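Undergrad: I need the structure of the sequence given here:
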Amino acid sequence: MKPRPAILSRPALAATLLAAACTAHSAVPATPLPLPPPPATPADQPLQRQTGMVVIEREHGQKIIVRSLEPDSLVGGDRYEFGQLDADGDGFVERGEAGAVDRYLLRAFDQLDANRDGRLDRDELTGWIL
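TA: Numbers count the residues shown, from 1 in each chain. Model (predicted):
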């Protein structure tokens, strides 16, 4: 006569399977999961000057606020100091000096020249020069 296989009760079977899983799990070294980066706080953000704001009123008292900020970097990563742009050292950047250094500055020259005197001073270049 063949021996009958042992029949385990459900609790005994569950305990046996749990013990086997724990043994298999302990054989694999545990590696910690990487933590997500912490959320950015306002102090982590670069300082930027607000250049405009519009509040759009919607129904049910809902408001949408749209703000524009001056850029925190330039396209292409170019950075200039005023001295690099003012080749003759007179305290102003004339159109020819701007064109010799950066074609984007030359394109934006008329928009930056707030007082329309044909030259840019430090205040007019604030926000463009980083």
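Undergrad: which helices and strands sit right next to the helix or strand Val54 falls within?
TA: Secondary-structure element containing Val54, defined by DSSP states H and E: strand 50-57. Using 3 or more Cβ pairs under 8 Å, 6 or more residues apart in numbering; DSSP states H and E as the contact criterion, the secondary-structure elements in contact with strand 50-57 are strand 63-69. (C-beta placed from N, C-alpha, C; glycine too.)
Undergrad: looking only at pLDDT, what's the mean for the strand it packs on?
TA: Averaged across strand 63-69, the pLDDT comes to 85.
Undergrad: Just the C-alphas of that strand, formatted as CSV.
TA: Extracted C-alpha coordinates of strand 63-69, given in CSV (Å, rounded to 0.1, in the frame of the first residue of the first chain):
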residue,chain,number,x,y,z
LYS,A,63,-9.7,83.5,-10.7
ILE,A,64,-6.8,82.6,-13.0
ILE,A,65,-3.6,84.5,-12.4
VAL,A,66,-1.1,84.6,-15.3
ARG,A,67,2.4,86.0,-14.4
SER,A,68,5.3,86.7,-16.7
LEU,A,69,8.8,86.6,-15.3
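Undergrad: Residues in contact with the helix or strand just after it: which ones?
TA: On the C-terminal side of strand 63-69, the closest following helix or strand by DSSP H and E is helix 82-85. Outside of helix 82-85, the residues that reach it under the criterion Cβ atoms under 8 Å, 6 or more residues apart in numbering are Gly89, Val93, Glu97, Ala98, Val101, Asp102, Leu105, Leu120, Arg122, Leu125, Ile129.
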